[in-house]
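# next one to model:
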Amino acid sequence: MVEGNSKRPIYQLHKWWARRLGSVFRALILSSALSSTESEKVFWERYYNGLSLKELTLYDPMMGGGTSIVEGIRLGCKVIGADLNPVAWFVTKKEVEPYEEKATDAYFRKLEEAVGERVRALYKTRCLLGHDAEIVYGIWIRQVRCANCNRLGDLPGGTRIRERVVGKPSGKKVLATLVCGNPECENVFSSWAESPVCSRCGATYHPEVEVPRGMFKCKACKNMEKVTEATRRRGTFLESRLNVIQFHCLMCGTNFKKPDQHDLDLYHAASEALKANRKSLHFPRQRISVRGRADRRPVNHGFRYYSDLFNGRQLLALSITLNAIKRIPDASAREFLLLAFSASLETNNVLCKYESKWGKISALFGVPGYHVPNRYGENNLWGRGRGSFVRSYAKLKRGKKYAMRPYEVLFEYGNLQEGTRGQKMYLEENVSTMVNHSAESEDQSRPLILCTDSRRVPEIRDKTVDIVLTDPPYYDNLVYSELADFFYVWLRLVLKREYEYFSGQTSRRKQEILVNEHSKKGGAKFASDLARVLKECKRVLKDEGLIVFTFHHSNPVAWASLRRAISSAGLFVTASPVLRSEGKSGYRAGNINYDVVVVCRKLPLSYRRETEDADYLFDASLDSVREIYALDRTISDSDILTVVMGTFLRIRGKATRDLTESVGEAVVKLRNSLREPEEVQPPELKTLQQFGSSSTPDQNPS
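Residues are numbered from 1 along each chain as shown. As a prediction, this is how the structure comes out:
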């Protein structure tokens, strides 16, 4: 299956976190529906040719970004999805609802005429030869006023703007775009030289002095201070200055320049226009909640309101665009354009780092969390930069076209002819369908998409579901509502009159299942809440049905909570295969790259415990670990722990002996089995050895 980093277009409509691959969920649905006696060949035939599962009902109680719903509809299942978060509900709803391209395109063109040109005027500049040009990105650098000498200085990262590597590693050359260090010049120039010289004043460029992460060092008096401490002194977020402009000229192409007075005046005029029209503009006024917050970075960096996460020109451009979207009379077109607008927020804010290597900005949630870069890129909302509203709408169109005509990419299937690998195989499937928001709707054949607490779902009758397929919260890894609120506070400005789920000031709900010490939710609460969801799944599941979900975590205590939830719900694990969790993007040394697929059934009344030898934990995990190692020799200790804990879940319910203490020992033994004796590095395995001897899940239940 080929999907990896380039996820199916339908899942690129809008950000949601920790999405499982569509190819994985398609495979899991097929595996759950097919007989265990079917051959691998039959499985792949069904995977690539499709299979009508119209007799099956699939339910996802924590649907998130809707992967299970989309893949279930593609295979003909009757689907039911639920999620507590309104943003997840809205994203899933728009993924599957019909899209009228002509009508929506017409409204987009009207937006462009009424708003697009007005916003583009805010980003007009001149190229180096004086031609009219368009700002692609304004590159800003944050500043600190020194606590010692009171001088204003830039944070690190303001002088080396762009690096373009040409040639092979053995003979590569680097074209660097730099800012002259002469304070009376500050010219922006490019050079291939190892010791670059400014093209205007002749000064030699000297790399910035390295400063520890999160610190500011004054160039004048050499005083050093934590950035967060400087923010606390200031009482609000740090000021910043427009340092460099990346522009596009129709005659000269794309280049960089130092902002001139016209550029500075244009930004100032936009900020003044925002102040003058503040009362009539639609943008969020909510404070960023502090109470019980897990990720305190936006607040610790002085961002008190969600509107603080945008500079004046961004806020003006976003507000006038949203005002126009809100007035669109066609509900379907309005919601699709709103979705594209919301998606563009992730790349139109002051937390988007400008990436020197790629010459463009990175999205806010490329790594989950509110990371505050020293240097940020201001996108042109109606321009050609990454994630502009124009590009977000184009991405939405690609996603909806995929929904109407899905395809699979050929990888390994039968006897592939030369040149067919990687080709698209279009299928007779369609994801475009109206959805029900309540069980009382007349057309019961439609997907039922609920925004509700999945611990109790009376809309679903007892024993009516064949497959429960979901991806539960990963213990303490993510607080989804804190991330989703970034989008929610904008979406509610349009949706609060249409849907009650958007009436509140925030998407945070007390029923959210997570571990967060700041809100006094520990492992025991996580296990209890997840058990209630699984019990409800058991109620609606047919006796012969399956509950299937994916899970990974580097902390054995999280697995202990999961085990308690499964046991408390009256379920037992029948299988726990391992597969790659997401694409390869963002992989870091030591990270978890694999999920356990936990397959559960109802615990039968005649269930009889069997005795397993403790060594079985190692033996049962060995084949899986070796198989992964053969494909990926960078397998981490956390990945090995994932395999062992998956096996542990499966045999735990069958064993009369307590195997908890064997987990750490098995992980160390498995790691050592992959290496030559002289390669084993005991310090690397310290945390796992500690788990085996003193940090067992049962000893830390909360």
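# tell me how far the ends of stretch 175-185 are from each other?
By Cα to Cα, to the nearest Å, the extent of stretch 175-185 from end to end equals 21 Å.
# list the buried residues in that stretch.
Judged by neighbour count (16 or more other Cβ atoms under 10 Å), stretch 175-185 contains these buried residues: 176-181, 185. To be clear about C-beta, it is placed using only N, CA and C from the backbone, and glycine gets the same treatment.
# distance from that stretch to the middle of the chain?
How far stretch 175-185 lies from its chain's middle: 35 Å, per Cα atoms, centre = their mean, to the nearest Å.
# neighbouring contacts of it?
158-164, 166, 186-192, 196, 198, 200-201, 203, 205-206, 243-244, 256, 258 (Cβ atoms under 8 Å, 6 or more residues apart in numbering).
# got it, and stretch 335-347?
With contacts defined as Cβ under 8 Å, 6+ apart, stretch 335-347 is touched by 13-15, 90-91, 94, 99, 104, 107-108, 111, 318, 321-322, 325, 328, 361, 363-365, 379, 381, 385-389, 391-393, 395-396, 400, 486-487, 490-491, 494-495.
# restrict it to CA atoms and write it as CSV.
C-alpha atoms of stretch 335-347 as CSV (Å, rounded to 0.1, in the frame of the first residue of the first chain):
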residue,chain,number,x,y,z
GLU,A,335,-19.6,25.6,4.5
PHE,A,336,-17.1,24.3,1.9
LEU,A,337,-15.5,27.8,1.5
LEU,A,338,-15.5,28.1,5.3
LEU,A,339,-13.7,24.8,5.6
ALA,A,340,-11.0,26.0,3.1
PHE,A,341,-10.8,29.3,5.0
SER,A,342,-10.3,27.4,8.3
ALA,A,343,-7.6,25.2,6.7
SER,A,344,-5.7,28.3,5.6
LEU,A,345,-5.5,29.6,9.2
GLU,A,346,-2.8,27.1,9.9
THR,A,347,-0.4,28.8,7.5
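# show the average pLDDT along it.
Here stretch 335-347 scores 99 as its mean pLDDT.
# that older thread, of the contacts of stretch 335-347, which belong to strands?
Among these, the ones falling in strands (DSSP state E) are 361, 379.
# would you turn the buried residues of stretch 175-185 into a markdown table with distance to Val144 and pLDDT?
Listed next are the buried residues of stretch 175-185 as a markdown table, based on distance: Cβ to Cβ, whole Å; pLDDT from 0 to 100:
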| residue | distance to Val144 | pLDDT |
| --- | --- | --- |
| Ala176 | 25 | 95 |
| Thr177 | 24 | 97 |
| Leu178 | 22 | 97 |
| Val179 | 18 | 98 |
| Cys180 | 21 | 97 |
| Gly181 | 18 | 93 |
| Cys185 | 22 | 96 |
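# out of those, which two sit at the greatest distance?
Ala176 and Cys185 (16.7 Å; Cβ to Cβ).
# if I look at the residue nearest to Leu381 when sequence neighbours are not counted, how far off is Val209?
With Cβ to Cβ, 6 or more residues apart in numbering as the criterion, Leu381 has its nearest non-adjacent residue at 4.3 Å, and that residue is Ala317. For Ala317, the distance to Val209 equals 36 Å [Cβ to Cβ, to the nearest Å].
# likewise for Ile10?
For Ile10, the distance to Val209 (Cβ to Cβ) stands at 47 Å.
# between these two, tell me which one has more neighbours.
Per other Cβ atoms under 10 Å, whichever of Ile10 and Val209 has more neighbours is Ile10, with 25 against 9.
# contacting residues around that one?
Residues near Ile10 by Cβ under 8 Å, 6+ apart: 22, 70, 95, 399-400, 402-403, 406, 431.
# kindly report the same for Pro577.
596-597, 599, 624, 646.
# among these, find the lowest-pLDDT one for me.
Ranking the contacts of Pro577 by pLDDT, Ser624 lands last with 82.
# burial measure for that one, as a count.
21.
# show me what contacts it?
577-578, 643, 646-647.
# distance of it from Leu364?
From Ser624 over to Leu364 the distance is 36 Å, taken as Cβ to Cβ.
# do Glu71 as well
Using Cβ to Cβ, one obtains 27 Å as the distance from Glu71 to Leu364.
# who has more neighbours, the two?
Applying other Cβ under 10 Å to Glu71 and Leu364 shows that Glu71 carries more neighbours, namely 30 against 25.
# which pLDDT does the model give that one?
For Glu71, pLDDT reads 97.
# and what of Gly50?
Looking at Gly50, its pLDDT stands at 86.
# quick one, what contacts the nearest residue to it once chain neighbours are set aside?
Nearest residue to Gly50, sequence neighbours excluded (Cβ to Cβ, 6+ apart): Leu427, at 4.9 Å. Residues in contact with Leu427 (Cβ under 8 Å, 6+ apart) are 48-50, 74, 406-408.
# and Leu617, how many residues sit next to it?
Neighbourhood size, Leu617 [other Cβ under 10 Å]: 27.
# got the CA positions of the helix or strand it falls within in PDB?
Leu617 is part of helix 616-631 when elements are defined by DSSP states H and E. Extracted C-alpha coordinates of helix 616-631, given in PDB (Å, rounded to 0.1, in the frame of the first residue of the first chain):
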ATOM      1  CA  TYR A 616       6.000 -16.800  25.600                       C
ATOM      2  CA  LEU A 617       6.000 -13.000  25.900                       C
ATOM      3  CA  PHE A 618       9.500 -12.900  24.200                       C
ATOM      4  CA  ASP A 619       8.800 -15.800  21.800                       C
ATOM      5  CA  ALA A 620       5.500 -14.400  20.600                       C
ATOM      6  CA  SER A 621       7.100 -11.000  19.900                       C
ATOM      7  CA  LEU A 622      10.200 -12.200  18.300                       C
ATOM      8  CA  ASP A 623       8.800 -12.800  14.800                       C
ATOM      9  CA  SER A 624       7.100  -9.400  14.600                       C
ATOM     10  CA  VAL A 625      10.300  -7.600  15.800                       C
ATOM     11  CA  ARG A 626      12.500  -9.400  13.300                       C
ATOM     12  CA  GLU A 627      10.000  -8.700  10.500                       C
ATOM     13  CA  ILE A 628      10.000  -5.000  11.200                       C
ATOM     14  CA  TYR A 629      13.800  -5.000  11.600                       C
ATOM     15  CA  ALA A 630      14.200  -6.600   8.200                       C
ATOM     16  CA  LEU A 631      12.200  -3.700   6.700                       C
END
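# pull the distance from that helix to the chain's centre.
Helix 616-631 sits 30 Å away from the centroid of its parent chain (Cα atoms, centre = their mean).
# so which bits of it are buried?
616-618, 620-622, 624-625, 628-629.
# count of residues packed around Glu512?
Counted with other Cβ under 10 Å, residues neighbouring Glu512 total 19.
# nearest residue to Glu355 in space, please, no chain neighbours.
Distances taken as Cβ to Cβ, 6+ apart put Ser362 closest to Glu355, at 5.3 Å, once the chain neighbours are dropped.
# state the distance from the one you found to Ser454.
33 Å.
# before we move on, back to that, can you select the buried ones among the contacts of Leu427 for me in ChimeraX?
This is how ChimeraX selects the buried members of the contacts of Leu427, with burial counted by 16+ other Cβ under 10 Å:
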select :48,50,74,406,408
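# that older thread, looking at the contacts of stretch 335-347, which are in helices?
Under the assignment DSSP state H, the contacts of stretch 335-347 contribute 90-91, 94, 104, 107-108, 111, 318, 321-322, 325, 389, 391-393, 395-396, 400, 486-487, 490-491, 494-495 to helices.
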